[in-house]
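Engineer: My questions concern the predicted model and sequence given below.
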Amino acid sequence: MPIANNPSEMPVKIDAEKCIADKGCTVCIDVCPLDVLRINPANGKAHMRYDECWYCLPCAIDCPTKAVTVAIPYLLR
Ligand code: SF4
Ligand code: SF4
C-alpha cells in the first residue's frame with residue numbers, strides 16, 4: 001500500500017486538537033478494515049498512514065470526539 005506522504009491530500013483527515021490518542025484511544029485504528037490508520041509518532045495523534053480507503057466510515061462514526069472527517073469522492077456519493 002502506498003505511504004500517505006502528503007496529509008493534506010488524504011481522504012481521511014484527523015483533527016489533532018480533538019484526537020485523544022495520546023490518552024489511549026485507538027478506536028479508529030482498530031475499526032478500519034484496511035488497517036491504514038496509525039498513531040503519528042510526531043504528535044501522538046491518529047493519522048492516515050497509507051493512501052487507501054474504502055470510504056466505509058466506521059473511523060468517523062465511532063470516533064468518540066468526532067475528530068475524523070472522511071471526504072467521500074463525488075462519484076461514490
Ligand atoms: S477514534 Fe478519534 S480520538 Fe480515537 S484515536 Fe481515532 S481520531 Fe483519535
Ligand atoms: S473510511 Fe473505512 S477504510 Fe477509510 S480510513 Fe475509515 S475505516 Fe478505514
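Structural biologist: Perfect, thanks for sending it. Numbers count the residues shown, from 1 in each chain. Ligands and ions are numbered 1, 2, ... in the order given.
Engineer: any weak-confidence spans in this protein?
Structural biologist: 77 (pLDDT under 70).
Engineer: Quick one: name the residues of it near ligand 2.
Structural biologist: Within reach of ligand 2 by C-beta under 6 Å from any ligand atom, the chain has these residues: 12, 31-34, 36-37, 53-59, 70. Just so you know, the C-beta spots here come from the backbone N, C-alpha and C atoms, and that holds for glycine as well.
Engineer: Just the buried ones from those residues?
Structural biologist: 12, 31-32, 36-37, 53, 58-59, 70 (16 or more other C-beta atoms under 10 Å).
Engineer: Narrow the residues you listed to those in strands?
Structural biologist: Among those, the residues falling in strands (DSSP state E) are 12, 37, 70.
Engineer: Tell me the bridge partners for the second one.
Structural biologist: Using DSSP bridges, the bridge partners assigned to Leu37 are Met48.
Engineer: Distance of it relative to Leu75?
Structural biologist: Applying C-beta to C-beta, to the nearest Å, the value for Leu37 to Leu75 is 23 Å.
Engineer: do the same with Val27
Structural biologist: Val27 is 28 Å from Leu75, by C-beta to C-beta.
Engineer: So for those two, which sits in the more crowded spot?
Structural biologist: Val27 (20 against 5; other C-beta atoms under 10 Å).
Engineer: residue contacts, that one?
Structural biologist: Val27 sits next to 59, 62-64 when contact means C-beta atoms under 8 Å, 6 or more residues apart in numbering.
Engineer: Any chance of a PyMOL selection covering the buried ones in these?
Structural biologist: Restricted to buried positions by 16+ other C-beta under 10 Å, the PyMOL selection for the contacts of Val27 reads:
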select buried, resi 59+63
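Engineer: now, which of the contacts of Val27 sits nearest ligand 1?
Structural biologist: Of all the contacts of Val27, ligand 1 sits closest to Cys63, with 3.3 Å by C-beta to the nearest ligand atom.
Engineer: That closest one: what's its closest spatial neighbour, skipping adjacent residues?
Structural biologist: Take Cys63 and drop its neighbours on the chain: the residue closest to it by C-beta to C-beta, 6 or more residues apart in numbering is Cys28, 5.5 Å away.
Engineer: Touching, Ile20 and Thr65? I think so.
Structural biologist: Yes. Assessed by C-beta atoms under 8 Å, Ile20 is found in contact with Thr65 at 5.8 Å.
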